[in-house]
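Colleague: Return atomic coordinates for the entry below.
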Amino acid sequence: MSIDEKIVKKIATLSRITISENEITKLSSELNSIIKWVEQLNEIDTTDVVPMTSNVNNTLHLRKDVISDGNIVDDILSNAPMTEDGFFLVPKVIE
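Modeller: Residues are numbered from 1 along each chain as shown. So this is what the prediction gives:
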């Protein structure tokens, strides 16, 4: 794939960048050299390379997933204007 001056102009328009005519040919050659470099990377055999998310070997320290009510039910219900049997009471809205 090669990038010609027409594509550079279109990229500049889409990016809303003003480019002079002198810069178009320079940018075209620079973008082509970047694409050639990326194509060289495609030639590397990476079949035995393990995918990684970081270059540091880290393990996350996770807490145990324990379900609890926090043992503060009475404290929470003390804020409610009305309670019954450990639940909030709300006024009836629909008759």
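Colleague: ok, which stretches of this protein are strands?
Modeller: Taking DSSP state E, the strands of the chain run over residues 83-84, 87-88.
Colleague: Now do the last one, average pLDDT.
Modeller: Think strand 87-88. Averaged over strand 87-88, pLDDT sits at 92.
Colleague: Same question for stretch 16-36.
Modeller: Mean predicted lDDT for stretch 16-36 stands at 92.
Colleague: To S28, which of the strands of the chain lies closest?
Modeller: S28 lies closest, by C-beta to C-beta, to one member of these: strand 87-88, at 68.5 Å. Where C-beta positions appear, they are placed from N, C-alpha and C, glycine not excepted.
Colleague: Sheet partners, orientation included, of that closest one?
Modeller: Partners of strand 87-88 in the sheet, by DSSP bridges, are strand 83-84 (antiparallel).
Colleague: if I pick L31, what's in contact with it?
Modeller: With contacts defined as C-beta atoms under 8 Å, 6 or more residues apart in numbering, the neighbours of L31 are 3, 8.
Colleague: can you dump the C-alpha coordinates of the helix ranked longest in the chain into CSV?
Modeller: Of all the segments of type helix in the chain, defined by DSSP state H, the longest one is helix 21-42. Provided in CSV are the C-alpha atoms of helix 21-42 (Å, rounded to 0.1, in the frame of the first residue of the first chain):
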residue,chain,number,x,y,z
GLU,A,21,1.6,22.1,-1.1
ASN,A,22,5.3,21.9,-0.2
GLU,A,23,4.5,19.7,2.9
ILE,A,24,2.3,17.3,1.0
THR,A,25,5.1,15.5,-0.9
LYS,A,26,7.2,15.4,2.3
LEU,A,27,4.3,13.9,4.3
SER,A,28,3.5,11.4,1.6
SER,A,29,7.1,10.0,1.7
GLU,A,30,7.1,10.0,5.5
LEU,A,31,3.8,8.1,5.7
ASN,A,32,5.0,5.6,3.1
SER,A,33,8.2,4.9,5.1
ILE,A,34,6.1,4.3,8.3
ILE,A,35,3.9,1.9,6.4
LYS,A,36,7.0,0.1,5.0
TRP,A,37,8.3,-0.2,8.6
VAL,A,38,5.0,-1.7,9.8
GLU,A,39,5.1,-4.2,6.9
GLN,A,40,8.5,-5.3,8.1
LEU,A,41,7.0,-6.0,11.5
ASN,A,42,4.5,-8.4,9.8
